[in-house]
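Q: Structure for this input, please:
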Amino acid sequence: MGTGKATHHEGFRPLITLNEARACDDSDPLAHFRDRFVIPDDVLYLDGNSLGPLPRATIDANRDLVERQWGDRLIRSWTEGWMDAPARIGAKIAPWIGAAADEVIVADTVSANLFKLIVAALRYDPARKVVLSEAGNFPTNLHIAEGAVGCVPGAELRVVPRDALKGAVGDDTALVLLTHVHYKTCERFDMPAWTARAHMAGALICWDLSHSVGAIAVDIADADCSVGCGYKFLNGGPGAPAFMHVAKRHQERFGNVLSGWMGHAAPFAFTDPYAPGLGMERWRTGTPSMLAMAAMESALNTIADVDIAALETKSAALFDIMAAAGDAIGLECTTPRDPAQRGSHISFRHPDAENVMSCLIARGVIGDFRTPDILRFGLTPLYLKYEDVWRAGAELVEEVRSR
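A: You can find the predicted model right below:
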């Protein structure tokens, strides 16, 4: 692995031994999923999961799309599965978030979908003008929210610290916009409790599931709407299409401000006025990128038979191994220790985090740095072995102690 340097890890007392980690791998019910992904031999891939690895099935799926569907079938492919892809792929995401198949569609980007939903929520009850979100939320969510409220006269984006959110939900709140798992700390919101809280105040709630779907159990239950990306834990590839969900009870009343032709009730009638499509079809805007759609669908097929309970159990165990490494060198863990209160990555604070991570990457341990002082490690149960996380923890200990 990595540079091939001898690593002795002197004085490192891990939670379990290397042999015990290997024994965990031998009995791991998820172990066979690793072979479904392309994992380079010379790295331990603990990226915070801005890009999941390549599913082996995606190679053949995209070859088929390029050579047969595009190369041979040409324009005929639009009526042979391409046009239906957004709804078909959305239905494959639905079980991962606890939604009905006809409540999810794959389209555009997280940012574009957030914009659509924020404007729809502000138009839902014109008497409510405030979009409420958390300070320190994933930045693009706040940036998009700024732009969206600017398009609705009198609307306001109100951003408050996490511990002030409860008191900030009021009679003027149109939408509570929250990210289920925080991208830095990995802290998880109690989704049912927050959804109920928003509804008690008469507000709608929108969840960003980008940092949770595919790694931990998600149940959107009574939530009004949600968004998520395809390139993290769903392994749909760089720039993979995003998905969005709208509860069935809102589908006819919510309108898509980006009213493109693919969301039209009759896109090939080519009429001047816009008439929204039925259900989730109205949330389509432009022509889908079928190369990206094919990769996304093959990735979802790759993980369709995952036991989510086993996924969460392994995620918690991998966390404990990495947390023990951080504890051994006195790193502050900014991620909650209670599995019910976190997602599937772990973050540590270090004053020289950027350089530490650069050196770890040079050693073959790929994690990531988040400004100003966060070392972040993705703990993806599908393709990571217990031994991988044990070795990554040992490398972290050695790198920090070397300083």
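Q: Give me the secondary structure label for the residue most central in space within the chain.
A: What sits nearest the mean C-alpha location of the chain, by C-alpha atoms, centre = their mean, is Ser210, with 2.2 Å. The three-state label given to Ser210 by DSSP: H, G, I helix; E, B strand; the rest coil is coil.
Q: I'd assumed Ser111 was in contact with it.
A: No - here Ser210 does not reach Ser111: they are 10.8 Å apart, not a contact under C-beta atoms under 8 Å. From N, CA and C alone the C-beta is placed, and that goes for glycine too.
Q: follow-up on the earlier one: quick check: the gap between the residue nearest to the centre of the chain and Asp42.
A: 28 Å (C-beta to C-beta, to the nearest Å).
Q: same question, Cys206
A: Cys206 is 41 Å from Asp42, by C-beta to C-beta.
Q: of those two, who's got more company?
A: More neighbours surround Cys206 than the other of Cys206 and Asp42, with 28 against 9 (other C-beta atoms under 10 Å).
Q: Surely the more buried one is within a helix?
A: No - counting by three-state DSSP, Cys206 falls outside a helix, being strand.
Q: what's across from it in the sheet?
A: With DSSP bridges as the criterion, Cys206 is bridged to Leu177, Cys225.
Q: can you give me the helices in the chain?
A: 18-26, 56-64, 85-97, 110-124, 139-149, 165-168, 191-200, 290-302, 308-328, 353-363, 386-401 (DSSP state H).
Q: Columns distance to Asp338, mean pLDDT and mean neighbour count on top of these, output as TSV?
A: Converted to TSV, these look like this (distance: least, C-beta to C-beta, whole Å; pLDDT from 0 to 100; neighbours: other C-beta atoms under 10 Å):
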stretch	distance to Asp338	mean pLDDT	mean neighbour count
helix 18-26	21	97	15
helix 56-64	35	98	16
helix 85-97	22	98	21
helix 110-124	27	98	23
helix 139-149	25	98	18
helix 165-168	19	98	14
helix 191-200	15	98	16
helix 290-302	30	98	23
helix 308-328	10	96	20
helix 353-363	24	97	18
helix 386-401	19	97	23
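Q: can you tell which of the ones you listed is closest to Pro241?
A: Pro241 sits nearest to helix 290-302 of all the helices of the chain, at 5.4 Å, using C-beta to C-beta.
Q: That closest one packs against which elements?
A: strand 54-55, helix 56-64, helix 85-97 (3 or more C-beta pairs under 8 Å, 6 or more residues apart in numbering; DSSP states H and E).
Q: now the second one and helix 290-302, what's the angle there?
A: Here helix 56-64 points in a direction 150 degrees away from that of helix 290-302 (axes from the mean of the first three to the mean of the last three C-alpha atoms, to 10 degrees).
Q: Fine by me, thanks again.
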